[in-house]
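J.: Give the three-dimensional model of this entry:
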Amino acid sequence: MNRDVAERQKLKDLEELKKKAQFREARIISVRPEGQSNTSPANRFVNLRFEIMDNSGEFKMLSARWYVDTYYLSQLQPDSNVQVKVYDEYVFPVMDEAKLYP
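T.: This is a model prediction of the structure:
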């Protein structure tokens with residue numbers, strides 16, 4: 001029970017950080033989907049690596065673990081550009097079909 005409360009608090013904190021994040025364009029470097037869940041076959045976890053230009057004009061490599069709809073997962077391909085929101089080292093998806101997962 002306590003783990004569920006802690007998990008919900010983490011997700012709530014991430015939603016608050018997403019509101020403070022800035023829009024950026026990111027290039028996907030790698031996409032690694034995890035195995036399909038028996039409880040929710042329409043969604044999957046995916047580990048992503050991005051190349052994002054910061055305020056100083058230098059490229060930074062950032063990683064994220066997103067929980068995505070399998071249809072949206074098919075659109076995440078290496079060497080494609082996507083719109084994201086970035087706050088420190090957190091990379092948030094802009095689409096409703098995906099969310100950052102701790």
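J.: drop to CA atoms for contacts and neighbour counts, all remaining ones
T.: Will do.
J.: State the pLDDT value of Asp96.
T.: Looking at Asp96, its pLDDT is 78.
J.: Show me the shaky parts of this structure.
T.: Applying pLDDT under 70 to the chain flags residues 1.
J.: go again using 50 as the cut-off
T.: Within the chain, no range satisfies pLDDT under 50.
J.: Which residue ranges of it form strands?
T.: Assigned by DSSP state E, the strands in the chain fall at 22-33, 43-53, 59-69, 81-87, 90-93, 98-100.
J.: Tabulate these in CSV, adding columns for distance to Glu16.
T.: Shown next, in CSV, are the strands of the chain (distance: least, C-alpha to C-alpha, whole Å):
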stretch, distance to Glu16
strand 22-33, 13
strand 43-53, 21
strand 59-69, 16
strand 81-87, 11
strand 90-93, 11
strand 98-100, 12
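J.: Tell me which of the ones you listed lies nearest to Arg8.
T.: strand 98-100 (12.9 Å; C-alpha to C-alpha).
J.: partner strands of that closest one, parallel or antiparallel?
T.: In the sheet, strand 98-100 lines up against strand 59-69 (antiparallel) (DSSP bridges).
J.: Touching the partner strand from outside, list them.
T.: With contacts defined as C-alpha atoms under 8 Å, 6 or more residues apart in numbering, strand 59-69 is touched by 42-54, 89-91, 93, 97-102.
J.: Now list the buried members of the residues you listed.
T.: Burial by neighbour count, 16 or more other C-alpha atoms under 10 Å: within the contacts of strand 59-69 this picks out 43-46, 48-52, 90-91, 93, 98-101.
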